[in-house]
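*Asks:* For reference, the sequence and a predicted model appear below.
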Amino acid sequence: MSDMVTIILTSYNKPKLLEQSLQSVLNQTIPNWELWIMDDNSNKQTQDVIQTFLDDKRITYLNSKVKDEERYKKTRYATLINQALSLSSGKYITYLTDDTTYFSNRLQAMTEYFHENPSRNIVYGGQLLRYVDGNLNVFYESKIAAKEKLKNASNKVDHCSVMHTRQIAENVYSKYGSYWNDDPIFWHNADAEFWSRLTEIEPFYPIDGIFEIALKTPSSFQVLNRHVPDPLPNGILVRGLTKEVYLIDNQKKRLISEKWFNYFQYPTSKIIQIPDPLLFKYQTGIPINESDLPNQLVIKEDGGRNYYFIQENKKRKVPNPQVFEFYSFNQSHVPELPKKMIDSIPPGRVLSTEMTPHHLLPDGRLFSYKQELYLSQKNRLHLIDVNVALKLKFNVRDAIELKEKDFKRFKQGNPFHWEFKTY
């Protein structure tokens, strides 16, 4: 059993978990493997962990050096896998991520299967899923068994559970001109798309047993990406894997320091964490400060009675409590600003509840019509899926109900939805 196994490990900014993943490869019961660590330009802590494993000559480390603003243009892990496939030499190919660890018999069990069944090219095993919180405390476990031959493995088998021959990968390449499809539409499930290519040639054969532990963390790409629309609506508070918080404003990301976050009384409960590639897709705008106020903010004059809504860099007066309540503005998160600061903002149209032909909707308000939800932006109503609205921290119960005649006054914009590609 001297045939080489190529292990392709993709990593990005998970130093603690990555160390466990790497150690699980060293613990394998067979020695004839090569490990390709394909790191996507992670932080220094991650790279320091990788360096401690490089004395083993079976390990090759490549850093993509990708620029953050380029990340969204490809499905990065698929790009890295394709690179490793073109450089590696193993007869058998298998995969690993920085939040998964192998049991010590994994490579041996799968290579033995191939030696016993030389006409077959794809195998998969069972997986133990551990759901953990931000401190890596396990709160739930489940098992995915490998029991049946799969003629369609897409969205059924995790890519860390599979081993296939190089030959079948080359067959895929011959047909498609690539191994994995790294088009950005496959960020959420590029493995499923590759499985569909493989199963055009041969089904997935099961090996009974559990061979790896996959951690489902709050910061995993699949968790962060689920139900996040692209593009994001303006007015959303976001952060990536770091602690910096941004406001999406005029389709740019504007950094909010802790000082100004507190000053403008933003609620931390409204911050959503999104994948870095999506965050870096947005150009960086002017950081939020006292001279560059954010849009979609309700403010009050210090010591006065007047309330205003900031829209398109203008202040729109909220004339009375009825209008304030109609648009579901939150009284507990209204900063009081100096009169001089407010006077410097050019005036816009006064807010009203009257849906006249010349009415200008306030941006970022959630409306409902015939059991559908709509988000207002630039005086258009954008259909928004309820799961997307919940992901973006909207209170769907506060949606403003529209009558038919009022709904028809406004044009509809592009919907905010999240697409999960199936095969």
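*Replies:* Looks like it arrived, so ask away.
*Asks:* List of residues touching the helix or strand hosting Tyr113?
*Replies:* Counting by DSSP states H and E, the secondary-structure element that holds Tyr113 is helix 106-116. Contact partners of helix 106-116, identified using C-beta atoms under 8 Å, 6 or more residues apart in numbering, comprise 1, 3, 5, 7, 28-30, 33, 92, 94, 120, 123, 125, 163, 165, 205, 207, 209, 211-212. Yep, even glycine has a C-beta here, placed from its N, CA and C like the rest.
*Asks:* Return a PyMOL selection command for the buried portion of those.
*Replies:* Buried subset of the contacts of helix 106-116, written as a PyMOL selection, criterion 16 or more other C-beta atoms under 10 Å:
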select buried, resi 5+7+28+30+33+92+94+120+123+125+163+165+205+207+211+212
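*Asks:* Sketch out the helices for this structure, chain order is fine.
*Replies:* Along the chain, counting by DSSP state H, helices occupy 15-26, 44-51, 76-87, 106-116, 166-176, 190-199, 221-225, 258-263, 276-280, 321-326, 339-343, 386-391, 404-407.
*Asks:* what does the last one rub up against?
*Replies:* Contacts to helix 404-407, defined as C-beta under 8 Å, 6+ apart, come from residues 355, 369, 381.
*Asks:* who's in contact with the last one?
*Replies:* Applying C-beta under 8 Å, 6+ apart to Leu381 gives the contacts 361, 367, 369, 374-375, 407, 410-413.
*Asks:* Quick one, grab the pLDDT at Val334.
*Replies:* Val334 is assigned a pLDDT of 95 by the prediction.
*Asks:* Got the phi and psi for it?
*Replies:* phi -120, psi 110 (degrees, to the nearest 10).
*Asks:* related to what we said a few turns ago, could you export the helices of the chain to CSV, including columns for mean pLDDT?
*Replies:* As requested, the helices of the chain are exported to CSV (pLDDT from 0 to 100):
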stretch, mean pLDDT
helix 15-26, 97
helix 44-51, 97
helix 76-87, 98
helix 106-116, 97
helix 166-176, 98
helix 190-199, 97
helix 221-225, 92
helix 258-263, 96
helix 276-280, 95
helix 321-326, 94
helix 339-343, 91
helix 386-391, 97
helix 404-407, 93
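*Asks:* TSV please, covering those and showing distance to Arg239 and mean neighbour count.
*Replies:* As requested, the helices of the chain are exported to TSV (distance: least, C-beta to C-beta, whole Å; neighbours: other C-beta atoms under 10 Å):
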stretch	distance to Arg239	mean neighbour count
helix 15-26	19	19
helix 44-51	18	16
helix 76-87	19	21
helix 106-116	35	18
helix 166-176	36	15
helix 190-199	24	22
helix 221-225	10	17
helix 258-263	11	14
helix 276-280	8	22
helix 321-326	29	14
helix 339-343	27	13
helix 386-391	14	17
helix 404-407	34	13
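*Asks:* and Leu293, which of these is closest to it?
*Replies:* helix 339-343 (8.0 Å; C-beta to C-beta).
*Asks:* roughly how far is that closest one from the heart of the chain?
*Replies:* Computed by C-alpha atoms, centre = their mean, to the nearest Å, the chain-centroid distance of helix 339-343 equals 39 Å.
*Asks:* which helices and strands does it pack with?
*Replies:* With contacts defined as 3 or more C-beta pairs under 8 Å, 6 or more residues apart in numbering; DSSP states H and E, the packing partners of helix 339-343 are strand 298-301.
*Asks:* Please list the outside residues in contact with the strand it packs on.
*Replies:* Under C-beta under 8 Å, 6+ apart, the answer for strand 298-301 is 293, 306-310, 315, 318, 329-330, 333-337, 339, 342.
*Asks:* quick one: the closest residue in space to Gly125 that isn't next to it in sequence and Lys16, what's the gap?
*Replies:* Among residues not flanking Gly125 along the chain, Phe211 sits closest, at 4.0 Å (C-beta to C-beta, 6 or more residues apart in numbering). Distance of Phe211 to Lys16, given as C-beta to C-beta, to the nearest Å: 22 Å.
*Asks:* Same question for Gln251.
*Replies:* Going from Gln251 to Lys16 by C-beta to C-beta gives 35 Å.
*Asks:* pLDDT weak spots in the protein?
*Replies:* Low-confidence segments of the chain (pLDDT under 70): 1-2, 423.
*Asks:* Specify the residue ranges that define each domain of this structure.
*Replies:* Domains of the chain are assigned by automatic domain parsing as 5-222, 224-343.
*Asks:* gap between the two ends of the first one?
*Replies:* Using C-alpha to C-alpha, to the nearest Å, one end of domain 5-222 lies 27 Å from the other.
*Asks:* Distance from that domain to the middle of the chain?
*Replies:* Using C-alpha atoms, centre = their mean, the offset of domain 5-222 from its chain centre is 19 Å.
*Asks:* Could you do the shortest one as well?
*Replies:* For domain 224-343, the separation from the chain centroid amounts to 22 Å (computed by C-alpha atoms, centre = their mean).
*Asks:* Make a markdown table out of the contacts of helix 404-407 and add distance to Pro218.
*Replies:* Formatted as a markdown table, the contacts of helix 404-407 follow (distance: C-beta to C-beta, whole Å):
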| residue | distance to Pro218 |
| --- | --- |
| Met355 | 41 |
| Tyr369 | 34 |
| Leu381 | 32 |
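*Asks:* Contacts for stretch 411-423, please.
*Replies:* Contacts for stretch 411-423 (C-beta under 8 Å, 6+ apart): 152, 154-155, 185-186, 188-189, 192-193, 195-196, 226-229, 233, 374-375, 377-385, 387-388, 391.
*Asks:* Could you report the separation of the residue most central in space within the chain from Leu366?
*Replies:* Taking C-alpha atoms, centre = their mean, the centroid of the chain lies closest to Asn225, which sits 2.7 Å from it. Noted for Asn225: a distance of 22 Å to Leu366, by C-beta to C-beta.
*Asks:* How about Val223?
*Replies:* 24 Å.
*Asks:* related to what we said a few turns ago, doesn't Val123 make contact with the residue nearest to Gly125?
*Replies:* No: checked against C-beta atoms under 8 Å, the pair Phe211 and Val123 is beyond contact range at 10.2 Å.
*Asks:* Extract the CA atoms of the helix holding Tyr113 and return them as CSV.
*Replies:* Extracted in CSV, the C-alpha atoms of helix 106-116 (Å, rounded to 0.1, in the frame of the first residue of the first chain):
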residue,chain,number,x,y,z
ARG,A,106,-9.0,7.8,8.2
LEU,A,107,-6.4,7.6,5.4
GLN,A,108,-5.8,3.9,6.0
ALA,A,109,-9.4,3.0,5.9
MET,A,110,-10.0,4.8,2.6
THR,A,111,-6.9,3.7,0.8
GLU,A,112,-7.6,0.1,1.8
TYR,A,113,-11.0,0.4,0.3
PHE,A,114,-9.5,1.4,-3.0
HIS,A,115,-7.0,-1.4,-3.0
GLU,A,116,-9.9,-3.9,-2.3
